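Q: Okay, sequence plus prediction incoming.
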Amino acid sequence: MSNPEWSRRDVLKTVGVGAVGLGVGAVALDRMDRYIVGARDADATLAAASVSDTREERIDLSKYTGLTLVVGAYSKATRQSLFSREDVAFVHPDHELSYVDAPASETPPASDQQSGEDQQPSDQVLPWGIDRVDADVAHAEGATGEGVHVGIVDGGITASHPDLEANLADPSVEGNHRAWVECSGDDCEHPWSDDGDHGTHVAGTVAATEGDSGVVGVAPEATLHALKVCGGAGGCRTSDIAGAIRYAADQGWDVVNLSLGGPSESPALQAAGEYARDSGVVLVAAAGNAGRPDSVGYPAAYDEFVAVSATTIDDGIASFSSTGPEVDVAAPGESVCSAVVDGHDVLDGTSMASPHVAGGVAQLLAAGTSPEEVRDRLLDSAEDIGNAEDEQGAGLLDVAAALDYDSDDDGTGDGTGCPA
């Protein structure tokens, strides 16, 4: 693994910690400094575990990276002692990441949208992004993503949503879904249920079922797995995300979508990404919503992840989208309609762009493309929409072209309209 160099100043600085505990002593842990130790061997793992001020958590990535992540609470002196060991690769804050959403955009021109008055409840809406990436062309050719398993590392999925329940892995089977942060509120069917809309919206873009109502996703017969690492407000711990990535890899799932991120480098997430990639998982991540050059966030900026920027309905780069040389491909991210907990809504963000690509990956894998070939296939078939390479990467995702179907259709479906 190619680890970045970490200065003592970066590694040893303190950060605020959130309300998510490691199983015991959550209140006490909130008042401590929470860090992730990258242990190179068993001795370092034991040392890091033994000096944590609360019960530690271990994430074993040694099969592919040689590292075990030890998550615990450490004083400054303890961190300094651990970092001085040759068998410790890094000691880094357990940062809180967040969804990469943007503020809601202004209502688009009437020509670009379908009003709720015109939209009948029984009609299925073709969101503009699904049409623009030519997923509808793939559907017409019989390509649905069937047999591919997609892990949604996010805020959970609403199991009973009519657009999603047919494609959601059986909730009664232990291990099909998992929560690191449990759903809170009155409408939580499962610990991994969505209590904030975000995960359900992402899942809908990946794999909402094709039918007579609701919306349709890029891969409408892929199987969805909820990996809930974020609470309803969107806070997500680095250690939980790393654990979820490893879990998906160990389950043998095919694709993982991460519509979350942060500005700080994280060797723990890079290591988890390497573990998953070498296990055969394709990782797709939102580039971020910093809205300026050279601002792609983490984990998207790492080579182990396919980094996705966001486009508008007229093929521009969304004003909020992070850009930079790490961007691999672009996808629709502004005014995207999809499922939410209580129905449907339009949201903005590279969070909305990333699942278009995750669905495209599912389509490629279902068609027999190997995980090692997927990135090149996506990039080679992407449509040049006239933006700078740092903004669009290889271009706009084109699912039909990636599958060798005619991709001359540049339509935008039902615009930014959403089901009534």
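A: Nice, I can see it.

Q: For the rest of this, base every contact and every neighbour count on C-alpha atoms.
A: Fine.

Q: and residue 416, which of the three is it?
A: coil (DSSP: H, G, I helix; E, B strand; the rest coil).

Q: and it, how many neighbours does it have?
A: 28 (other CA atoms under 10 Å).

Q: can I assume it is in contact with residue 346?
A: Yes - using CA atoms under 8 Å, residue 416 is in contact with residue 346, at 7.4 Å.

Q: overlap in contacts of those two?
A: 335-337 (CA atoms under 8 Å, 6 or more residues apart in numbering).

Q: tell me the domain boundaries of this protein?
A: Domains of the chain are assigned by automatic domain parsing as 8-94, 110-402.

Q: For those domains, give me TSV that also has mean pLDDT.
A: Shown next, in TSV, are the domains of the chain (pLDDT from 0 to 100):
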stretch	mean pLDDT
domain 8-94	78
domain 110-402	94
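
Q: Tell me which of those domains sits most buried.
A: Mean neighbour count (mean count of other CA atoms under 10 Å) peaks for domain 110-402 among these, with a mean of 24.

Q: Need the domains of the chain in a markdown table (columns: distance to residue 101).
A: As requested, the domains of the chain are arranged in a markdown table below (distance: least, CA to CA, whole Å):
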| stretch | distance to residue 101 |
| --- | --- |
| domain 8-94 | 20 |
| domain 110-402 | 4 |
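
Q: now do the same end-to-end measure for stretch 126-137.
A: 12 Å (CA to CA, to the nearest Å).

Q: related to what we said a few turns ago, please tabulate the shared contacts of residue 416 and residue 346 in a markdown table, including the columns secondary structure.
A: Below are those laid out as a markdown table (three-state DSSP):
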| residue | secondary structure |
| --- | --- |
| 335 | coil |
| 336 | strand |
| 337 | strand |
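
Q: Nearest to residue 65 among those residues?
A: Taking CA to CA as the measure, residue 65 lies nearest residue 336 of the shared contacts of residue 416 and residue 346, at 37.1 Å.

Q: So that closest one sits against residue 348, correct?
A: Yes - counting by CA under 8 Å, residue 336 does reach residue 348; the two are 6.3 Å apart.

Q: where do the helices sit along the chain?
A: For the chain, helices defined by DSSP state H occupy the ranges 8-12, 26-30, 42-50, 62-65, 76-83, 128-132, 135-140, 198-207, 238-251, 267-279, 350-366, 371-381, 389-392, 399-402.

Q: Would you mind saying which of these lies nearest residue 303?
A: Here helix 267-279 is closest among those (CA to CA), at 8.5 Å.

Q: quick one: that closest one to chain centroid distance?
A: Taking the mean of its C-alpha atoms, helix 267-279 sits 14 Å from the chain's own mean (CA atoms, centre = their mean, to the nearest Å).

Q: now stretch 47-66
A: 24 Å.

Q: Kindly check the end-to-end length of it for me.
A: Separation of the first and last residues of stretch 47-66 by CA to CA is 16 Å.

Q: For beta bridges, what are the partners of the residue nearest the centre of the chain?
A: Taking CA atoms, centre = their mean as the criterion, residue 258 is the residue nearest the geometric centre of the chain, at 1.0 Å. Legend: beta-bridge partners of residue 258 under DSSP bridges are residue 153, residue 285.

Q: tell me the contacts of it?
A: Taking CA under 8 Å, 6+ apart as the test, what residue 258 contacts is 152-154, 283-286, 351, 354.

Q: give me that answer again for 10 Å
A: Shown in contact with residue 258 (CA atoms under 10 Å, 6 or more residues apart in numbering): 99-100, 151-154, 199, 202, 241, 245, 283-287, 299-300, 305, 307, 351, 354-355, 358.

Q: What of residue 207?
A: Residue 207 touches 144-146, 150, 163-164, 166-168, 215-224, 355-356, 358-359, 362, counting by CA under 10 Å, 6+ apart.

Q: wait, doesn't residue 211 sit right on residue 221?
A: No - using CA atoms under 10 Å, residue 211 makes no contact with residue 221, being 11.2 Å away.

Q: dump the residue contacts of the closest residue to residue 378 other than its chain neighbours.
A: In space, and not counting its chain neighbours, residue 378 is closest to residue 402: 6.0 Å by CA to CA, 6 or more residues apart in numbering. By CA under 10 Å, 6+ apart, the contact set of residue 402 is 134, 138, 360-361, 363-364, 369, 374, 376-382.

Q: Next: residue 46.
A: Taking CA under 10 Å, 6+ apart, one finds 39, 70 in contact with residue 46.

Q: Does residue 354 touch residue 334 like I think?
A: No - if you go by CA under 10 Å, residue 354 and residue 334 don't touch, sitting 11.8 Å apart.

Q: joint contacts of the two?
A: Any residue near both residue 354 and residue 334 by CA under 10 Å, 6+ apart counts here, and that gives residue 310.

Q: For residue 286, give its distance to residue 301.
A: With CA to CA as the criterion, residue 286 and residue 301 are 9 Å apart.

Q: shared neighbours, these two?
A: Shared contacts of residue 286 and residue 301, defined by CA under 10 Å, 6+ apart, comprise 261, 307-308, 327.

Q: Just those residues: which are in strands?
A: 261, 307-308 (DSSP state E).
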